[in-house]
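Q: Task: produce atomic coordinates for the following.
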Amino acid sequence: MAYWLIKSEPSKYSWEQFVKDKKTFWDGVRNYAARNNLRAMKKGDQLFYYHSNEGTEIVGIAEVVKEAYQDPTTDDTNWVVVDVKPVKKLKKPVSLAQIKGDKRLADMALVKLSRLSVQPVTTGEWITVLEMADMQ
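A: Numbers count the residues shown, from 1 in each chain. From the prediction side, this is the model:
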């Protein structure tokens with residue numbers, strides 16, 4: 001199993017809406033590095049759900065339920081989506097400021113590649129963020 005982080009602005013698609021929907025396809029990715037990360041995702045991989053621009057914090061955990069397929073919102077075959085479902089809300093959201101302030105997360109893609117909308121997360125980073133969220 002691998003770990004990832006996906007970003008959404010809460011005003012466009014919030015964690016609460018995601019939970020209400022129970023499942024969605026992750027579309028709108030138009031960056032090749034982010035697209036390659038979507039293609040690398042496997043069923044069962046776990047994802048942090050990050051509210052970007054407003055809130056700037058990890059708020060929940062999601063799971064990949066269907067691997068990459070053609071993005072149905074475009075005819076351009078370069079773009080893919082994965083299906084994801086919410087797993088659980090974090091007990092305590094973990095803010096970008098907290099992440100930047102923790103030396104163990106200095107190399108996290110969220111810090112180093114802040115604009116990338118779909119990012120890998122190492123096992124160590126995953127465990128650290130869960131500890132910060134009181135989930136361990």
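Q: so the nearest residue to residue 28 once chain neighbours are set aside, which of the three states?
A: In space, and not counting its chain neighbours, residue 28 is closest to residue 73: 7.0 Å by CB to CB, 6 or more residues apart in numbering. Every C-beta, even on glycine, is put in place using the N, C-alpha and C of the backbone. The three-state assignment at residue 73 reads coil, by DSSP: H, G, I helix; E, B strand; the rest coil.
Q: again with the one 5 residues further on
A: For residue 78, the reduced secondary structure class is coil; criterion used: three-state DSSP.
Q: Can you name the residues that contact it?
A: Neighbouring residues of residue 78 by CB atoms under 8 Å, 6 or more residues apart in numbering: residue 35.
Q: and it, what are its phi and psi?
A: Note on residue 78: its backbone torsions stand at phi -70, psi -20 [degrees, to the nearest 10].
Q: Give me the pLDDT for it.
A: If you check residue 78, the pLDDT there is 95.
Q: In this structure, what residue spans correspond to strands?
A: Using DSSP state E, the strands of the chain run over 3-8, 24-25, 46-51, 57-70, 80-95, 118-121.
Q: Against which helices or strands is the longest one packed?
A: The one in question is strand 80-95. Counting contacts by 3 or more CB pairs under 8 Å, 6 or more residues apart in numbering; DSSP states H and E, strand 80-95 is packed against helix 15-21, strand 24-25, helix 32-40, strand 46-51, strand 57-70, helix 123-132.
Q: Helix 32-40 and the fifth one, what's the angle between them?
A: Angular relation of strand 57-70 and helix 32-40 on a 0 to 180 degree scale: 70 degrees, by axes from the mean of the first three to the mean of the last three CA atoms, to 10 degrees.
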